[in-house]
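J.: Here you go, sequence then predicted model.
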Amino acid sequence: MAFRSLPLDSALLLFDRETGTNMLFDGPELAHLRMRVPRSVMFGITNKCNLACAFCSRDLDAESAWTADEAFAMLAGLADAGVLEVAFGGGEPLAFRGFESLVSRLHDETPLAVHVTTNGLLLTPERLQTLRGKLGELRLSLYDNNAWRRTIALLVDEQMRFGINLLVLPERLAALETLVLELFALGCRDVLLLSYNGPDPALHLSPAQSADLANRVATLHRALRGRGRVSLSVCWGDRMAPVPQYLDRQGCGAGRDFIVLTSDKRLMPCSFHHLSFPVRTAADVLAVWNGHAGELAAPSTVPGCARLADYGLERLA
C-alpha cells in the first residue's frame, strides 16, 4: 500500500487509493494539526444527462463549461495541494467527451483516487475495460428506468469495484430489505441509502417512516455482517440514531471535508446548496475554501438538509 497523509483538525488521516483503505489517528500528540485542504472533491464534469429524473437536484440550465484539459489542470492542482479523492458526477459523467482519457490521465499523472457515479446506461464492456484499474470505485445509481440489473451483471462480469446508490422514497420503504437482499444476491457488496433533499413533500419520509427505516437498516446491518455493508448518506443526520456509526463526529462535512465543483465552474458546499462561488483554478478553490468557511458551513435552504432545524421539513407540513 502507498498511503497519502492528510492532516485534519487534531488528527491525521492516511489513505491508500488502490484499496480505498483509510486509517485515522488522533491523540494529544496530534493536537497541533489543522486541516489545510478538503479531503475530496465532487466534480459535476457535465450537466448533460441521458435521463430526466423528476427528483434530480442539479440546475438544469447550468452550462457544461469544462474541457478535459481544464478539468485535469484543476484536479492536478488540488492533488498537489493535498486533496485525496475526486468523485465525478453531474449530469452523467459518461456523457462527457473524453471521460475515459481524463480518468486515465488523472490515475497515471496524479495521486488522486478517482471515482464515478453513473446511471450505467452508457456503460459497455469496452468502456469498463478501459476504466479497469483506473477507478477507485464506480457507484451505480438505482432508478426504476435504468436497467440496473443488466448493469450489475456487466460490472460483476468485468470484476469492477462498485456500489449502489439507492434513493429511499416512501414508496420504496416497505420492500427495502427485499431489494437490498436482491442486490447482494446479484453480486453487490456495498449499498448506500440516500435521502431525498428537495421541495416535494411527497418524497420525504415522515418521522415515523424515518424511524422505520432506521430499524430496517439496523436489521440489515446485523443480517449482512461480513458479506458487505449497507450505509447511510450524511444527509440523514441524526434521524438514524439506532444505526451503528462508523465515526463519532458532528455535522455532515459539506464545505469542509468535501466540496462540489459544478459543470459551470462554481464551488458549492454540497450538491443541494443555494450558495456558490465562481472558480477557475485550484488556487481559486482553496481561496474560497479558506476564506468563506463560515458561509460554506451554513445550512442549505433546501428541505432535507441535516443542518436545518427539523431538517426544514416543518415548512412542508
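T.: Yep, it's here.

J.: Strands of this protein, residue ranges please.
T.: For the chain, the strands defined by DSSP state E cover 4-8, 11-16, 21-26, 40-46, 85-90, 113-118, 137-142, 162-167, 190-194, 229-232, 258-261, 266-268, 277-278.

J.: Worst mean pLDDT among those strands?
T.: Among the strands of the chain, strand 229-232 carries the lowest mean pLDDT, a mean of 91.

J.: Neighbours of residue 201, how many?
T.: By other CB atoms under 10 Å, the residues close to residue 201 number 12. C-beta: built from backbone N, CA, C; applies to glycine.

J.: just checking, residue 265 touches residue 279?
T.: Yes. Contact status for residue 265 versus residue 279: in contact at 6.1 Å, counting by CB atoms under 8 Å.

J.: residue ranges with poor pLDDT in the stretch 151-300 of the chain?
T.: Low-confidence segments of the stretch 151-300 of the chain (pLDDT under 70): 244-249.

J.: Contacts only, for residue 213.
T.: 168, 173, 176, 193, 205, 240 (CB atoms under 8 Å, 6 or more residues apart in numbering).

J.: 7 Å instead?
T.: 168, 173, 205 (CB atoms under 7 Å, 6 or more residues apart in numbering).

J.: Now neighbour count and distance to residue 298 too, for the residues you listed, in JSON lines please.
T.: Output for the contacts of residue 213, formatted as JSON lines (neighbours: other CB atoms under 10 Å; distance: CB to CB, whole Å):
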{"residue": "168", "neighbour count": "22", "distance to residue 298": "26"}
{"residue": "173", "neighbour count": "15", "distance to residue 298": "31"}
{"residue": "205", "neighbour count": "21", "distance to residue 298": "24"}
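
J.: Relative to residue 97, which of those residues is nearest.
T.: Set against residue 97, the nearest of the contacts of residue 213 by CB to CB is residue 168 (33.5 Å).

J.: so who does the closest one touch?
T.: Contacts of residue 168 (CB under 7 Å, 6+ apart): 176, 193-195, 213.

J.: Tell me which of the strands of the chain lies nearest to residue 32.
T.: strand 4-8 (9.3 Å).

J.: List the buried residues of that closest one.
T.: Going by neighbour count (16 or more other CB atoms under 10 Å), the buried part of strand 4-8 is 4, 6-8.
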